[in-house]
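Peer 1: Okay, sequence plus prediction incoming.
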Amino acid sequence: MPLFKLKDFDPQSHETLGGEGISNLDVYTQGGDKIGSVEDALVDDTGRFRYLVVDTGMWILGKKVLLPIGLAQVDYNAHRVTVNGLSKEQVEKLPEYKESMTVDYDYEEKLRGTYRPLASTTTANTVSSGTAAPSYNRDTYNYEQDQSLYNLNEQNHKTLKLYEERLVATKSRVKTGEVTVGKHVETETARVSVPVEKERVVIERTTPANAGTPVSVGEADFQEGEVARIEVFEETPDIHKEAFVREEVRVRKEVSHDTVEAQETVRREELDVNTGNRSVLDK
């Protein structure tokens, strides 16, 4: 089965992997020794990961080797790949990988010859003492015969992030209206009653009791232009307007408090574990 570089097979591999690329991940042994860093990956024609291309750097004089994906425990959070049980001596025995070469069955068998003993000590698929070791044939071989080396998806090597939605309540100040307080002038006709006094002259003419009796000589004094003067007064109303404070109006604001309840549908991711009738240790 032909193998392809991940960069050539899927140029958008960063997006395919959810933004988590594999290049430049540091590679460590289980004991914490750094082997090198991941330079690329090889996939088959279905897009399944088969090998990580590891550049050993100065550890083994710049040698590049292939690491079966099933032995790699990838931790994106720590930005590292851990390989259990791998030693420097085993890496030195691995055939060197060059980008110009073709990875064929014979080359992969040399790789698998080094990795199979390592895989048998780190998985539960160890061949029992009473069972014959499996045989491999270039015409019938497929990667399912070495599941411990290639089946990353079936192993617990990935960290899954489970998301949930929550309701977050915030407040915003929104203008709902305004109140304008002013004043205007209204007119009306007011009436007021004022009692007033008026003087008048009353002239009464009467006939005296001794009318017709002659008066004595010299009593009658006839004079021309005799006048009696009487002053006559009356009251006139004096009405004017004055302004008085009728009432005061104070304008202020009061804040009332209330609790508003809202509901919305939220989502949460739950983990589905398919064990395939195998026991799983939940940590």
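Peer 2: Nice, thanks for sending it over.

Peer 1: the longest helix in the protein is where?
Peer 2: Determined from DSSP state H, the single longest helix within the chain is helix 105-122.

Peer 1: buried ones in the helix or strand following it?
Peer 2: The helix or strand immediately downstream of helix 105-122 is helix 147-150, counting by DSSP states H and E. Neighbour-count burial for helix 147-150, counted by 16 or more other Cβ atoms under 10 Å, picks out 148, 149, 150. No exception for glycine: its C-beta is placed from N, CA and C like everyone else's.

Peer 1: Which elements pack onto helix 147-150?
Peer 2: Secondary-structure packing of helix 147-150 (3 or more Cβ pairs under 8 Å, 6 or more residues apart in numbering; DSSP states H and E): helix 105-122.

Peer 1: what about the closest residue to residue 198 other than its chain neighbours, neighbour count?
Peer 2: Residue nearest to residue 198 in three dimensions, not counting chain neighbours: residue 234, with 3.6 Å by Cβ to Cβ, 6 or more residues apart in numbering. Burial measure for residue 234: 9 neighbouring residues, criterion other Cβ atoms under 10 Å.

Peer 1: Residue 82 reaches residue 67, doesn't it?
Peer 2: No: contact between residue 82 and residue 67 fails when scored by Cβ atoms under 8 Å: they sit 11.0 Å apart.

Peer 1: Need the overlap of contacts for those two.
Peer 2: Contact criterion Cβ atoms under 8 Å, 6 or more residues apart in numbering; residues shared by residue 82 and residue 67: residue 27.

Peer 1: Against the centre of this structure, work out the most remote residue.
Peer 2: residue 217 (134.3 Å; Cα atoms, centre = their mean).

Peer 1: And it, how far from residue 27?
Peer 2: 172 Å (Cβ to Cβ, to the nearest Å).

Peer 1: same check, this time on residue 210
Peer 2: Counting by Cβ to Cβ, the gap from residue 210 to residue 27 is 163 Å.

Peer 1: what about these two, which has more around it?
Peer 2: The residue with more neighbours, out of residue 210 and residue 27, is residue 27; 25 against 8, by other Cβ under 10 Å.

Peer 1: Mind giving me the packing neighbours of the host helix or strand of that one?
Peer 2: According to DSSP H and E, residue 27 maps onto strand 26-29. Packing partners of strand 26-29 (3+ Cβ pairs under 8 Å, 6+ apart): strand 34-44, strand 80-83.

Peer 1: which residues in the chain form strands?
Peer 2: Under the criterion DSSP state E, strands of the chain are mapped to 3-5, 26-29, 34-44, 49-55, 64-68, 72-75, 80-83.

Peer 1: Which one of those lies nearest to residue 242?
Peer 2: Of all these, strand 72-75 sits nearest to residue 242, with 93.0 Å by Cβ to Cβ.

Peer 1: how far does that closest one sit from the chain's center?
Peer 2: Counting by Cα atoms, centre = their mean, to the nearest Å, strand 72-75 is centred 32 Å from the centre of its parent chain.

Peer 1: next one: stretch 190-197
Peer 2: The answer for stretch 190-197 is 77 Å, by Cα atoms, centre = their mean.

Peer 1: now do stretch 257-273
Peer 2: Here stretch 257-273 is found 14 Å from its chain centre; the criterion is Cα atoms, centre = their mean.
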